[in-house]
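K.L.:
predicted model and sequence follow; I will ask about them next.
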Amino acid sequence: MSNKSETVIRIHGAGLQIGREAITVANEGTTILLDYGVLMTDRKPEFPERVTPSSINAIFLSHAHLDHSGGLPLLFLRGGPPIYTTTLTAKISELLIEDMLNISRYYVPYEELELKEMLDHVHPITFNQKMHIKNIELEGLNAGHIPGSLMAKIRTKNSNILFTGDFNTTDTRLLNGAKADLSDVDALIMESTYASTDHPERGQLERDFAAKVKEVVEGGGIALVPAFAVGRSQEIVTVLRAQNYDGPIYLDGMAREAAKIMSGFPKYIKNYDEFRKIIKSVRLVKGNRERLKAIQKPGVVVTPAGMLRGGAVIFYLEHLIKDHKNGIFLVSFQIPGTPGRVLLDTGKIAVDGKLVDASDMTYFFDFSAHSGRKELIDFVRQLKGGAKVILIHGEPETTKAFQGTLNEMGIDAIAANNGDSFSL
């Protein structure tokens with residue numbers, strides 16, 4: 001028989017997978033949903049386990065990326081619970097979900113009406129702000145992942161839980177790294193995306209990246225940088241300017257829109273005045289006529305999609321692939337099966353239906369917005385004895401191996417699967 005005051009954590013999505021994150025935390029009749037994302041597979045989104053909206057007292061949205069936000073409108077077919085997140089996250093979620101509706105409308109079981117209803121239920125919070133949802137206290141903490149991203153500290157009568165969402169403890173050009181007090185945490189729900197990978201030292205990575213970009217541009221080529229629209233694209237621009245690249249930079253697609261939105265939120269950008277100045281130095285591109293102009297002379301083009309799955313990058317690839325003095329700079333995680341991953345693994349890319357060898361013009365730089373293996377271990381080491389670590393949001397082999405590493409360190413860690421429940 002369960003204890004009435006116990007806290008129950010249930011994994012509804014992101015168990016042994018990257019994507020469709022969804023977790024509930026329930027205590028004494030109060031239930032909070034943490035994220036409700038999608039997993040994009042060939043334009044068709046997969047959603048988490050079904051959650052009954054009427055059973056949820058509140059939703060916490062960690063950040064705007066679709067694997068955390070893309071399922072939320074499903075919960076607003078008729079009203080719905082309040083959503084606690086930053087205003088910046090809400091605005092960028094709207095941008096990304098609208099884009100998903102445009103691309104995958106046939107497969108998405110909601111429309112703009114539900115998206116609007118969802119946005120109408122947003123209750124803005126910011127760093128270190130505490131909210132009370134009946135008997136549960138919720139506090140948002142800087143996650144260091146993308147501008148506006150949050151971790152959640154959840155305090156119930158009998159336990160304290162920290163939910164990381166996607167987080168990065170390393171400082172970047174755009175953001176300060178995540179920090180949290182774990183001394184009172186009984187359960188840590190933590191992503192494990194890069195649990196098997198150590199990222200390169202940031203300063204050296206920036207210098208190496210900028211040097212190779214300058215080499216391509218000075219050699220008369222175009223440096224094409226396919227990057228995630230939110231966070232990565234804007235960071236790449238700031239890195240290039242900080243490393244004294246003073247040539248033309250073009251920003252295209254949703255990266256352009258996201259930069260405009262971010263410019264309105266100084267508190268979520270580390271060096272805001274410098275960021276504004278840099279974004280003003282960049283040429284914003286819209287439409288194929290402007291794209292053609294952007295590639296008439298040597299320079300840098302930063303554009304979605306980061307994994308070459310569509311978007312403006314396809315136009316550029318078709319025009320630039322024939323001349324090998326150009327360069328393709330992959331700066332984002334490449335999910336297995338995506339064109340970007342195929343290019344990384346084989347050196348080949350499909351353009352106009354034909355496989356083209358681009359191995360001598362392809363470069364990879366690991367600009368991650370996630371904590372790497374070392375950072376994850378350092379983070380967990382702050383826990384007091386007896387605390388539980390629930391690992392989610394990672395490839396199965398990676399997450400299971402990391403569970404083994406933590407267990408060997410004497411930490412009670414579990415690689416959680418969808419449908420798993422944990423009682424505290």
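P.N.:
That came through, no problem.
K.L.:
could I get the contacting residues of the residue nearest to the spatial centre of the chain?
P.N.:
The residue lying closest to the centre of the chain (Cα atoms, centre = their mean) is residue 65, at 5.0 Å. Residue 65 is in contact with 37, 96, 146, 166, 230, counting by Cβ atoms under 8 Å, 6 or more residues apart in numbering. (C-beta placed from N, C-alpha, C; glycine too.)
K.L.:
how near is the last one to residue 145?
P.N.:
If you measure residue 230 against residue 145 using Cβ to Cβ, to the nearest Å, the figure is 10 Å.
K.L.:
got a markdown table for the contacts of residue 65, with pLDDT too?
P.N.:
Below are those laid out as a markdown table (pLDDT from 0 to 100):
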| residue | pLDDT |
| --- | --- |
| 37 | 98 |
| 96 | 96 |
| 146 | 97 |
| 166 | 98 |
| 230 | 95 |
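K.L.:
quick one: which of those residues has the most company?
P.N.:
Highest neighbour count within these: residue 230, with 31 neighbours (other Cβ atoms under 10 Å).
K.L.:
for that residue, which non-adjacent residue is spatially closest?
P.N.:
Nearest in space to residue 230, with sequence neighbours left out and distances taken as Cβ to Cβ, 6 or more residues apart in numbering, is residue 258 at 4.8 Å.
K.L.:
just confirm that neighbour contacts residue 233, I think it does.
P.N.:
Yes: between residue 258 and residue 233 there is a contact under Cβ atoms under 8 Å: 7.0 Å.
K.L.:
got any ranges where the protein has weak pLDDT?
P.N.:
Within the chain, the segments meeting pLDDT under 70 span 1-4, 42-43.
K.L.:
and it, what are its domains?
P.N.:
7-197+369-423, 202-364 (automatic domain parsing).
K.L.:
which of the contacts of residue 65 fall in helices?
P.N.:
Counting by DSSP state H, the part of the contacts of residue 65 found in helices is residue 96.
K.L.:
which residue ranges of the chain form helices?
P.N.:
66-69, 87-104, 112-120, 202-218, 232-242, 253-262, 272-281, 287-294, 313-320, 339-346, 373-380, 396-408.
K.L.:
and those as JSON lines, adding distance to residue 17?
P.N.:
Converted to JSON lines, the helices of the chain look like this (distance: least, Cβ to Cβ, whole Å):
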{"stretch": "helix 66-69", "distance to residue 17": "10"}
{"stretch": "helix 87-104", "distance to residue 17": "18"}
{"stretch": "helix 112-120", "distance to residue 17": "24"}
{"stretch": "helix 202-218", "distance to residue 17": "28"}
{"stretch": "helix 232-242", "distance to residue 17": "21"}
{"stretch": "helix 253-262", "distance to residue 17": "25"}
{"stretch": "helix 272-281", "distance to residue 17": "34"}
{"stretch": "helix 287-294", "distance to residue 17": "35"}
{"stretch": "helix 313-320", "distance to residue 17": "25"}
{"stretch": "helix 339-346", "distance to residue 17": "16"}
{"stretch": "helix 373-380", "distance to residue 17": "18"}
{"stretch": "helix 396-408", "distance to residue 17": "7"}
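K.L.:
out of those, flag the one nearest residue 190.
P.N.:
Among those, helix 373-380 comes nearest to residue 190, with 7.0 Å by Cβ to Cβ.
K.L.:
gap between that closest one and the chain center?
P.N.:
Put simply, helix 373-380 sits 18 Å off its chain's centre (Cα atoms, centre = their mean, to the nearest Å).
K.L.:
helices or strands up against that helix?
P.N.:
Using 3 or more Cβ pairs under 8 Å, 6 or more residues apart in numbering; DSSP states H and E, the elements in contact with helix 373-380 are strand 187-191, helix 396-408.
K.L.:
what's the shortest one packed up against?
P.N.:
Judged by 3+ Cβ pairs under 8 Å, 6+ apart, the packing partners of strand 187-191 are strand 160-163, helix 373-380, strand 388-392.
K.L.:
quick one, it and strand 388-392 angle?
P.N.:
With axes from the mean of the first three to the mean of the last three Cα atoms, to 10 degrees defining the directions, strand 187-191 sits at 20 degrees from strand 388-392.
K.L.:
do the same with the longest one
P.N.:
An angle of 170 degrees separates the directions of helix 396-408 and strand 388-392 when computed by the same axes, to 10 degrees.
K.L.:
identify the residues contacting helix 396-408?
P.N.:
16-17, 192-193, 195-196, 373, 376-377, 380, 389, 391-392, 394, 413-415.
K.L.:
circling back to that earlier point, which one of the helices and strands packed on helix 373-380 is the most hemmed in?
P.N.:
Of all the helices and strands packed on helix 373-380, strand 187-191 carries the top mean neighbour count, a mean of 24, counting by mean count of other Cβ atoms under 10 Å.
K.L.:
the spatially closest residue to residue 306 that is not a sequence neighbour: neighbour count?
P.N.:
Among residues not flanking residue 306 along the chain, residue 332 sits closest, at 3.5 Å (Cβ to Cβ, 6+ apart). Residues lying near residue 332 (other Cβ under 10 Å) number 25.
K.L.:
assess the claim that residue 332 and residue 367 are in contact.
P.N.:
Yes: counting by Cβ under 8 Å, residue 332 does reach residue 367; the two are 7.3 Å apart.
K.L.:
now do the shared contacts for these two.
P.N.:
residue 232.
K.L.:
let me see the contact set for the residue lying closest to residue 85 once chain neighbours are set aside.
P.N.:
Leaving aside its sequence neighbours, residue 85 sits nearest to residue 61 (Cβ to Cβ, 6+ apart; 3.8 Å). Each residue near residue 61 by Cβ under 8 Å, 6+ apart is listed here: 35, 68, 69, 72, 83, 84, 85, 89, 90, 93.
K.L.:
mind checking how far the fifth one is from residue 129?
P.N.:
Just to be clear, that refers to residue 83. Look at residue 83 and residue 129: by Cβ to Cβ, they are 14 Å apart.
K.L.:
same question, the last one
P.N.:
Using Cβ to Cβ, one obtains 19 Å as the distance from residue 93 to residue 129.
K.L.:
this completes my enquiry, with thanks.
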